[in-house]
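In: coords below, sequence missing:
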């Protein structure tokens, strides 16, 4: 259940069960937020080009934050792709420039800016497609996470 | 909106809109602080022949979402296995249908590409 803006109370208005339940539901929501388990992100080190593993999100926030580091060798193509279940790949980040280590991609994708944005609570997948141009490659996928904030 | 200490009530008090408004204002103040803490990481897909495709959960939410067929195991009793059969992609199971599962119980999912507990079906 999402957070609902609590009611504004006015003099003489009936104190309704619906309004009181909104307060109760919001307390539950905030308590869950304050006590939630903080699970870590399980990343990946890519040493060969092609597709990375996939990760699945359930849409709960607007921004998809990412950080990926090229720690060895050179890269020609870097793509972060977002795919709704039952949908097709959508461009999150596309960088077809050549980069040499050390190089970092870091930022966020505004999910609402996608052509087919995942709806609230819809599942979607994220993966990377990489083309290395050197040898001894190492690309570290550090994190992917959702947040309603543009800063972490 | 600033946090406003909620009132303490005594039997027979009149409930005023001013006092009730403190609840709403305080909730909004807390949400303004915690709302940005609503971050969620992704579930990593198991890589065949690379990962052991076994996920441990501590039961907390009602619904288990999973991708591809698998099994749900009770580490304490092998007779409690539950078959997970994918019908849609992904599929959801109501964990209330499993009578041996209770909040805080450790259990294992094997065979699925990924699984997650969620408060929402």
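Out: Noted; the coordinates are in hand. Keep in mind that what you see is a predicted model, and the values were worked out from it rather than measured. Residues are numbered from 1 along each chain as shown, chains lettered A, B, ... in the order given.
In: how about the strands in chain B?
Out: Taking DSSP state E, the strands of chain B run over residues B:40-41, B:43-44, B:54-58, B:63-67, B:70-73, B:82-84, B:91-94, B:106-110, B:114-118.
In: how about those strands in JSON lines, adding distance to residue B:30 and mean neighbour count?
Out: (C-beta placed from N, C-alpha, C; glycine too.) Below are the strands of chain B laid out as JSON lines (distance: least, CB to CB, whole Å; neighbours: other CB atoms under 10 Å in any protein chain shown):
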{"stretch": "strand B:40-41", "distance to residue B:30": "19", "mean neighbour count": "16"}
{"stretch": "strand B:43-44", "distance to residue B:30": "28", "mean neighbour count": "22"}
{"stretch": "strand B:54-58", "distance to residue B:30": "26", "mean neighbour count": "15"}
{"stretch": "strand B:63-67", "distance to residue B:30": "26", "mean neighbour count": "22"}
{"stretch": "strand B:70-73", "distance to residue B:30": "36", "mean neighbour count": "20"}
{"stretch": "strand B:82-84", "distance to residue B:30": "38", "mean neighbour count": "16"}
{"stretch": "strand B:91-94", "distance to residue B:30": "31", "mean neighbour count": "15"}
{"stretch": "strand B:106-110", "distance to residue B:30": "31", "mean neighbour count": "17"}
{"stretch": "strand B:114-118", "distance to residue B:30": "23", "mean neighbour count": "21"}
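In: comparing the ones you listed by mean pLDDT, which bottoms out?
Out: Ranked by mean pLDDT, these end with strand B:40-41 at the bottom, a mean of 73.
In: near chain A at all, it?
Out: Yes: using CB under 8 Å from any CB of the partner chain, strand B:40-41 reaches chain A at B:40, B:41.
In: counting contacts, what elements does that strand pack onto?
Out: Secondary-structure packing of strand B:40-41 (3 or more CB pairs under 8 Å, 6 or more residues apart in numbering or on different chains; DSSP states H and E): strand A:138-147.
In: rewinding a little: export the strands of chain B to TSV and tack on distance to residue B:19?
Out: Shown next, in TSV, are these (distance: least, CB to CB, whole Å):
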stretch	distance to residue B:19
strand B:40-41	35
strand B:43-44	44
strand B:54-58	39
strand B:63-67	37
strand B:70-73	48
strand B:82-84	49
strand B:91-94	40
strand B:106-110	44
strand B:114-118	36
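In: of all the ones you listed, which lies closest to residue A:52?
Out: strand B:43-44 (10.3 Å; CB to CB).
In: for the closest one, name the packing helices and strands.
Out: Partner elements for strand B:43-44 (3+ CB pairs under 8 Å, 6+ apart): strand A:55-58, strand B:114-118.
In: before we move on, the earlier item: do you know which of the strands of chain B lies nearest residue A:100?
Out: Across these, closest to residue A:100 is strand B:43-44 (CB to CB), at 28.2 Å.
In: which outside residues touch the closest one?
Out: By CB atoms under 8 Å, 6 or more residues apart in numbering or on different chains, the residues outside strand B:43-44 that reach it are A:42, A:44, A:53, A:54, A:55, A:56, A:57, B:114, B:115, B:116.
In: of those residues, grab the buried ones for PyMOL.
Out: Here is the PyMOL command that picks out the buried ones among those, judged by 16 or more other CB atoms under 10 Å in any protein chain shown:
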select buried, (chain A and resi 44+53+54+55+56+57) or (chain B and resi 114+115+116)
